[in-house]
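Chemist: with the sequence up front, the predicted model follows.
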Amino acid sequence: MTFATLGLIEPLLRALETLGYQTPTPVQAQAIPAVLAGRDLMAAAQTGTGKTAGFALPLLQLLTMEGPKVAANSARALILCPTRELAEQVHASVAEYAQHLPLTTYAVYGGVSINPQMMKLRKGVDILVATPGRLIDLFRQNALKLNQLQTLVLDEADRMLDLGFSEELANIYRMLPKKRQTLLFSATFSDDIRLLAGQMLNDPLSIEVSPRNVAANTVKQWIVPVDKKRKPELFVHLMRKGRWKQVLVFAKTRNGVDALVDKLQGLGINADGIHGDKPQATRQRALDRFKSSEVQILVATDVAARGLDIEDLPLVVNFDLPIVAEDYIHRIGRTGRAGNTGEAISLVCADEVNMLSAIEMLTRQTLTRKMEPDFEPEHRVPDTDASGQVVKKPKKPKKPKTSGGGGKRNLGKWVDSGEVTPAEPSIKPVRKVPVFNTGPRKKK
């Protein structure tokens, strides 16, 4: 099976060829024809790769072939993401797929000024990628109309519920036109997700692909807890201690790539970096130098590293954990190939514990922790388990109050002198599901 046999148009096939996509993944093979046929879709996205292309490619084709020109302050398709980081990543992917199409795309999210986003939306956009809170803000300020919306995509719907967006999703549901196509992607089909789908989707096709979410057993994986500010120092320490000769390093952002490369080059280490801001010719030159061992360390973002194929790569280092857990599988899958063994080391700080737990839930294993002497973090990285839960540290028992002391007298309470049993580790609270206060949708 090829992308051409799935019915994709030539401009999309040309973009996929440029990006190095060759064969559709299982979720793409099932999702693309269904979306092109106009079906609502409920898909388990825990497939190791291809989720974004699975909905973006047919969506771009439908918008190109059908529907009116986008109106001012409007969007023809809306992709909802739980976080700013995922919204940026999805937008970057959609823009790459659409490089040969006359369509506009834009991403909006909180944490930045809303005014430039309002200005950008004046002419309207074909595809809007948004986080729930910022979308509602723009709608309430009349900067965005949704009456022209043809397709809604809920990306990582389970994470949206986990992050407490149930009320926002209910509000957004009331803002949408009743006649639309809705695509829901989630890691699993939990009861909460099935309830959400029952309220927002109309007779959906259900796709559940066996997950390709386990790294090859030829890759030895572990993490090293460390404070964020000491990551560069730890990386150099580990590199010199292990006498690394060829390492592919993943950083989360373009600025992160540049900062690490500058640090390494300043220490006389032969390093180069690739990311989306660099011209294709520059990226290819850096890759060629790395393959020929002219460059010892290659630092890359996930988007820039797509399609990389490096034979006999011994080591992958996650300088930053990926926002999307599936990307962890892609990253470490670049080592330990063709019967060779490889290693994957992740430098993890306290801010990344939720990403770590998502990776461990996806891979169904708890990654081994190795403390590096002199680099023990001041900010503890909480324990996690393979079910994707962050295990909170048991609280210390309170000391009993006793009478006496200066100032106001505190009579306190007498307590038994027996031992106090520490509290059991607690688990994060169960997520809420949005309540829509509406009957079932009519079939189209």
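Modeler: Cool, the structure landed. Since the model is a prediction, treat every value here as computed from it, not as a measurement.
Chemist: distance from stretch 132-151 to the middle of the chain?
Modeler: Centre-to-centre, stretch 132-151 and its host chain are 23 Å apart (Cα atoms, centre = their mean, to the nearest Å).
Chemist: and the pLDDT for the closest residue to residue 114 other than its chain neighbours?
Modeler: Leaving aside its chain neighbours, residue 114 sits nearest to residue 137 (6.2 Å; criterion: Cβ to Cβ, 6 or more residues apart in numbering). From N, CA and C alone the C-beta is placed, and that goes for glycine too. You'll see residue 137 listed with a pLDDT of 95.
Chemist: please report how far residue 137 lies from residue 78.
Modeler: Distance, residue 137 to residue 78, using Cβ to Cβ, to the nearest Å: 14 Å.
Chemist: out of the two, which sits in the more crowded spot?
Modeler: Between residue 137 and residue 78, counted using other Cβ atoms under 10 Å, residue 78 has the larger neighbour count: 23 against 18.
Chemist: downstream of the one helix or strand the more buried one maps to, the next helix or strand is which one?
Modeler: Residue 78 belongs to strand 75-80 when assigned by DSSP states H and E. Later in the chain than strand 75-80, the nearest helix or strand by DSSP H and E is helix 84-97.
Chemist: show me what the helix or strand just after that following helix is packed against.
Modeler: Following helix 84-97 in sequence order, the next helix or strand is strand 105-108 (DSSP H and E). Applying 3 or more Cβ pairs under 8 Å, 6 or more residues apart in numbering; DSSP states H and E, one finds that strand 105-108 makes contact with helix 84-97, helix 115-120, strand 125-130, helix 132-140.
Chemist: what pairs with strand 105-108, parallel or antiparallel?
Modeler: strand 125-130 (parallel) (DSSP bridges).
Chemist: got the contact list for the partner strand?
Modeler: Applying Cβ atoms under 8 Å, 6 or more residues apart in numbering, the external contacts of strand 125-130 come out as 59-60, 63, 70, 75-81, 87, 90-91, 94, 98, 103-109, 121, 135, 138, 144.
Chemist: quick one: buried residues of stretch 52-69?
Modeler: 52-64 (16 or more other Cβ atoms under 10 Å).
Chemist: what is the burial count for the spatially closest residue to residue 107 that is not a sequence neighbour?
Modeler: In space, and not counting its chain neighbours, residue 107 is closest to residue 91: 3.8 Å by Cβ to Cβ, 6+ apart. Using other Cβ under 10 Å, residue 91 has 21 neighbouring residues.
Chemist: give the contact list for residue 91.
Modeler: Counting by Cβ under 8 Å, 6+ apart, residue 91 has contacts 105-107, 129.
Chemist: now do 7 Å
Modeler: 105, 107, 129 (Cβ atoms under 7 Å, 6 or more residues apart in numbering).
Chemist: what count of nearby residues applies to residue 291?
Modeler: Neighbours of residue 291 (other Cβ under 10 Å): 16.
Chemist: how about residue 312?
Modeler: Neighbour tally, residue 312, other Cβ under 10 Å: 10.
Chemist: can you check the one 5 residues further on too?
Modeler: By other Cβ under 10 Å, 23 other residues sit near residue 317.
Chemist: that one falls within a strand, correct?
Modeler: Yes: per DSSP: H, G, I helix; E, B strand; the rest coil, residue 317 lies within a strand segment.
Chemist: is it bridged to anything, and to what?
Modeler: residue 249, residue 345.
Chemist: you'd agree it is up against residue 345?
Modeler: Yes: the pair residue 317 / residue 345 is scored as a contact, 5.1 Å apart, by Cβ atoms under 7 Å.
Chemist: pLDDT (mean, whole number) over stretch 181-195?
Modeler: For stretch 181-195, the mean confidence score works out to 84.
Chemist: hmm, back to that, what's the closest of the buried residues of stretch 52-69 to residue 322?
Modeler: residue 52 (13.4 Å; Cβ to Cβ).
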